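Asks: Generate coordinates for the sequence data below:
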Amino acid sequence: MVTHTGRIRLDKWLWAARFFKTRSLASQAIDLGRVRIDGERIKPAHEAKVGEMLDLQVGDHRLQVVIRALSTQRGPASAARELYLETSDSIARRKLREEQRAAEPAQSTKGRPTKRDRRELGKILRG
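Replies: Residues are numbered from 1 along each chain as shown. Below you'll find the predicted structure:
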């Protein structure tokens, strides 16, 4: 991945770091306030700087990352991970959320029961 030393728009960096599939989605997230720097709302044309702390909301995930390098090209995921560093608080929150999801019994169900499942359930209920 080619690192960039000049100026780069934040929406372009978010796209290159693979937080969003397209630049327009990254720009839209910034406009909606889902990307903040130090708690402040910003514009998509904001200049990304190494060392800045970003608060991101991507889907139902909340991430806190620090920009480590700049790039204008979108490359493989392994190279994109080199562009940022996720904070330890953010990692801990993400792992806690994953553990809570694994504990939910509704996650293990697949949908409607099959005919066989209904018959077995009927046998259990009858006696």
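
Asks: now the lowest-mean-pLDDT helix or strand in the chain, how far from the centre of its chain.
Replies: Least confident helix or strand, the chain: helix 88-103 with a mean of 85, by mean pLDDT, DSSP states H and E. Counting by Cα atoms, centre = their mean, to the nearest Å, helix 88-103 is centred 13 Å from the centre of its parent chain.

Asks: Show me what that helix packs onto, helices and strands only.
Replies: Packing partners of helix 88-103 (3 or more Cβ pairs under 8 Å, 6 or more residues apart in numbering; DSSP states H and E): strand 61-67. For every residue, glycine as well, the C-beta is placed using N, CA and C.

Asks: ok now do the closest residue to Glu86 other than its chain neighbours, which residues does it touch?
Replies: Distances taken as Cβ to Cβ, 6 or more residues apart in numbering put Val65 closest to Glu86, at 5.2 Å, once the chain neighbours are dropped. By Cβ atoms under 8 Å, 6 or more residues apart in numbering, the residues touching Val65 are Met53, Leu54, Leu56, Tyr84, Leu85, Glu86, Thr87, Ser90.

Asks: For Ala102, give its distance to Ile8.
Replies: Distance, Ala102 to Ile8, using Cβ to Cβ, to the nearest Å: 38 Å.
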